[in-house]
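Asks: Here is the input, now give the coordinates:
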Amino acid sequence: MQNFISYWRPHASLATAGAAAYSMSTLFSAMKPILLTRYVEQIGLSEGLAGLLVALPFAGIACASLLMRGWLLRAPYRQIAMVCGGLLIALELLSAFTFSYLSVVMPAQFLSGICVGLLMGTTSRYVSVTRERDQLFGFVDMTAVLLMSFMVYLVGASVASAGIWGGYLAAAIISTLFFAALFVFRPADQKATSDSEQSTAALEFAVRPVAIVAMGVLFVTFSGLGFAFMFTMAADLGMDYESAGRNIGILLFVSAFACQIGGWASAKFGPERPLACAFVTCAAGWYMAVFTDDPIIFMAALVPAIFSLQFCFPILLSFSGSLDTEGRWAGIASPLITSGFAWAAIVAGQVVNYAGIQALAAVTTIGMLLCLGLLAIAVLKKPKVLAV
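Replies: Modelled structure (predicted):
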């Protein structure tokens, strides 16, 4: 036990800040289904417009990766934490009081996503330059997923009692707690890299880094296609909403521990083999879930389908972090990879609309094959210079 404590003590503050930044993104995930339904019920938005509104934070997270290429790579950590964290809280409060004015709330939610993306990218940059980045990314992601279960309850209860206003107000309060946790970490404690030591040279866009980041985005997108229609599949099998919600909720909660297992597997075996196995497992799990006629088999198939996503996420982040010695690729990759959750919902809706729910299995399989192809490129293509 003493060895475990001494192993994690040097990174405890960084792990706390990273978990806080990533939990801000899972807060958006917790809010998305609740607010989507409530916007339709409370102010009569169409499903399409409500879906676009709740997806805007994820679009903002994706756009944040573009900003991570510039001066933000060299900006002081505490300055980024103060500006982005404080602005996020202000934007959630603004959304609470203007939720019915789409011309205000939509850009506010997009900007809130940019703030979170910058916080994720900045903390990822520091995690990626540690020797224990695999395990740290696993811990950060596991904590964010575990906290999401509680945030779903808190946001849901707030919306139930005070409508959309209550949902955004709860988001502001939760964001304030995460904001405070960001300042536990002081970059001066980090031996590998300090804010003043960042290189000013341009980041090289070689084939291998682009393949790894693209693989991460595609995996999160295609592995998440079935998530949007899990309850629809359960209903088609005769399961009621309560039992399906209880069982799926338990699976989602337990799957958080797969994040830490993924970090351990990456540290022990390298990222390539665990990723390849998870791609195959994910495709097989969703194929079984889509085509089975048995509710028990359906729930069993969700185990590899859901666990594969949680298992791979920290590996993909760590893989990106290995591309340079300063963590710049990790800063760019983490918002982009996270944005895959938004694209998954959009793509899934289009697939089901045009080809039916069973087509999700085929599209997921195609996506996993694309990921395997990009993984092969990452393994075989070795650039002469990874970062300059």
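
Asks: alpha carbons only for contacts and neighbour counts from here, please
Replies: Fine.

Asks: what sits against the residue nearest to Leu56 when sequence neighbours are not counted?
Replies: With Cα to Cα, 6 or more residues apart in numbering as the criterion, Leu56 has its nearest non-adjacent residue at 4.9 Å, and that residue is Phe110. Shown in contact with Phe110 (Cα atoms under 8 Å, 6 or more residues apart in numbering): 56-60.

Asks: pLDDT averaged over the host helix or strand of Phe110 - what is it?
Replies: Assessed by DSSP states H and E, Phe110 sits inside helix 102-128. In this model, helix 102-128 has an average pLDDT of 92.

Asks: Check stretch 34-51 too.
Replies: Taken as a whole, stretch 34-51 has an average pLDDT of 81.

Asks: From here on, call the first residue 489.
Replies: Noted, 489 is the first residue going forward, which turns the last one into stretch 522-539.

Asks: circling back: return the distance of the residue nearest to Leu544 relative to Pro545.
Replies: 5 Å (Cα to Cα, to the nearest Å).

Asks: One more: Ala645?
Replies: In terms of Cα to Cα, Ala645 sits 21 Å off from Pro545.

Asks: Who has more neighbours out of these two?
Replies: Pro545 (29 against 15; other Cα atoms under 10 Å).

Asks: Contact partners for the more buried one?
Replies: Contact analysis of Pro545 by Cα under 8 Å, 6+ apart lists 516, 597-602.

Asks: quick one: which of those has the most company?
Replies: Gly601 (29 neighbours).

Asks: That one: what's it in contact with?
Replies: 513, 544-549, 552.

Asks: Quick check: the farthest pair among the contacts of Phe598?
Replies: Largest separation among the contacts of Phe598 by Cα to Cα: Leu544 and Gly548, giving 6.2 Å.

Asks: what sits in contact with each of those two?
Replies: 597-598, 601.

Asks: Quick check, Arg566 in contact with Val672.
Replies: No - at 10.2 Å, Arg566 and Val672 do not qualify as touching, with contact defined as Cα atoms under 8 Å.

Asks: just the buried members of the contacts of Phe598?
Replies: 544-548 (16 or more other Cα atoms under 10 Å).

Asks: can you redo those as JSON lines with secondary structure and pLDDT?
Replies: Putting the buried ones among the contacts of Phe598 into JSON lines (DSSP: H, G, I helix; E, B strand; the rest coil; pLDDT from 0 to 100) gives the following:
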{"residue": "Leu544", "secondary structure": "helix", "pLDDT": "89"}
{"residue": "Pro545", "secondary structure": "helix", "pLDDT": "91"}
{"residue": "Phe546", "secondary structure": "helix", "pLDDT": "86"}
{"residue": "Ala547", "secondary structure": "helix", "pLDDT": "86"}
{"residue": "Gly548", "secondary structure": "helix", "pLDDT": "90"}
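
Asks: What is the nearest of those residues to Trp817?
Replies: Gly548 (18.2 Å).

Asks: how near is the closest one to Ala569?
Replies: Plainly put, Gly548 is 17 Å away from Ala569 if you go by Cα to Cα.

Asks: Would you mind pulling up the elements that the helix ranked longest in the chain packs against?
Replies: Ordering each helix of the chain by length in residues (DSSP state H) puts helix 621-670 first. In this structure, helix 621-670 packs against helix 500-530, helix 565-585, helix 590-616, helix 729-743, helix 745-757, helix 783-809, with contacts taken as 3 or more Cα pairs under 8 Å, 6 or more residues apart in numbering; DSSP states H and E.
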